[in-house]
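[1] here is the input, now give the coordinates:
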Amino acid sequence: MTSHFSIVRRSILRGWNSDPDIDWVGMNMYRRPAEHSAIADRARFLSGSTRLPFVPEFGAGLWSHHFLTPTPAEQEFVDLCALMYGIKAFSFYMLVERDRWQASPITRHGDNRPDYAPFYCELLSFLTRFEFSRFVRRPRVLVLLNYDLVASRRRTRR
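    Numbers count the residues shown, from 1 in each chain. Below you'll find the predicted structure:
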């Protein structure tokens, strides 16, 4: 499916203390539950490579040219999976329906879609209530150095 990088410059973020060239990098995410490993890989990549693991286009639904409309359970799985693997910031893309878009939680008339909207209301309430943005991922890491490999490189450089 789609995965684009988005780069946000410091001029947009007043007071964000980070690298002088790039403030954060994000990947768009339009995935299905069958692509669980890709969701996990992208979320872990972002959470390990940027201070703010960000999804600028976190798909709420899909374009109408896709042959299967995601079910509410599928959208819930994808969103929770990305958050579980380390996404800390996101912008739901197409939370409100537009032309050629399907499965948005809010209709083009501004009404909540009964099958899709309750999850988003509950999710945002949960994230706010428990201050999700303050959670920190602290994976245990063990770095190993293969001394045989190091010795081999030294011998070949001579």
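[2] ranges for the strands of this structure?
    For the chain, the strands defined by DSSP state E occupy 5-8, 24-27, 54-59, 62-63, 89-93, 101-102.
[3] ok, A43 to P53 distance?
    In this view, A43 and P53 are 7 Å apart by CB to CB, to the nearest Å. All C-beta spots, glycine's among them, are computed from the backbone N, C-alpha and C.
[4] joint contacts of these two?
    Listed contacts common to A43 and P53 are 86-87; contacts here mean CB atoms under 8 Å, 6 or more residues apart in numbering.
[5] helices of this structure, start to end?
    Along the chain, the segments classed as helices by DSSP state H run 36-49, 72-84, 117-129, 147-157.
[6] generate JSON lines for the ones you listed, with mean pLDDT as supplementary columns.
    Listed next are the helices of the chain as JSON lines, based on pLDDT from 0 to 100:
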{"stretch": "helix 36-49", "mean pLDDT": "89"}
{"stretch": "helix 72-84", "mean pLDDT": "94"}
{"stretch": "helix 117-129", "mean pLDDT": "94"}
{"stretch": "helix 147-157", "mean pLDDT": "74"}
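[7] so which of the ones you listed is the most packed in?
    Highest mean neighbour count among the helices of the chain (mean count of other CB atoms under 10 Å): helix 72-84, with a mean of 18.
[8] middle-most residue in the chain, spatially?
    V55 (4.0 Å; CA atoms, centre = their mean).
[9] so it makes contact with V25?
    No: taking contacts as CB atoms under 8 Å, V55 lies outside contact range of V25: 10.9 Å.
[10] joint contacts of the two?
    What both V55 and V25 touch, as defined by CB under 8 Å, 6+ apart, is the set L46.
[11] returning to what we had before: wait, which of the helices of the chain is closest to R138?
    Closest of the helices of the chain to R138 is helix 36-49, at 11.1 Å (criterion: CB to CB).
[12] just the CA atoms of that closest one, as CSV, please.
    Output in CSV follows, covering the C-alpha atoms of helix 36-49 (Å, rounded to 0.1, in the frame of the first residue of the first chain):
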residue,chain,number,x,y,z
HIS,A,36,0.8,-6.6,10.4
SER,A,37,4.5,-7.2,10.0
ALA,A,38,4.8,-4.1,7.8
ILE,A,39,2.9,-2.0,10.3
ALA,A,40,5.2,-3.3,13.1
ASP,A,41,8.4,-2.7,11.1
ARG,A,42,7.5,0.8,10.1
ALA,A,43,6.4,1.8,13.6
ARG,A,44,9.5,0.3,15.2
PHE,A,45,11.7,2.0,12.5
LEU,A,46,10.2,5.4,13.3
SER,A,47,10.3,4.9,17.1
GLY,A,48,14.0,4.0,16.8
SER,A,49,15.1,6.7,14.4
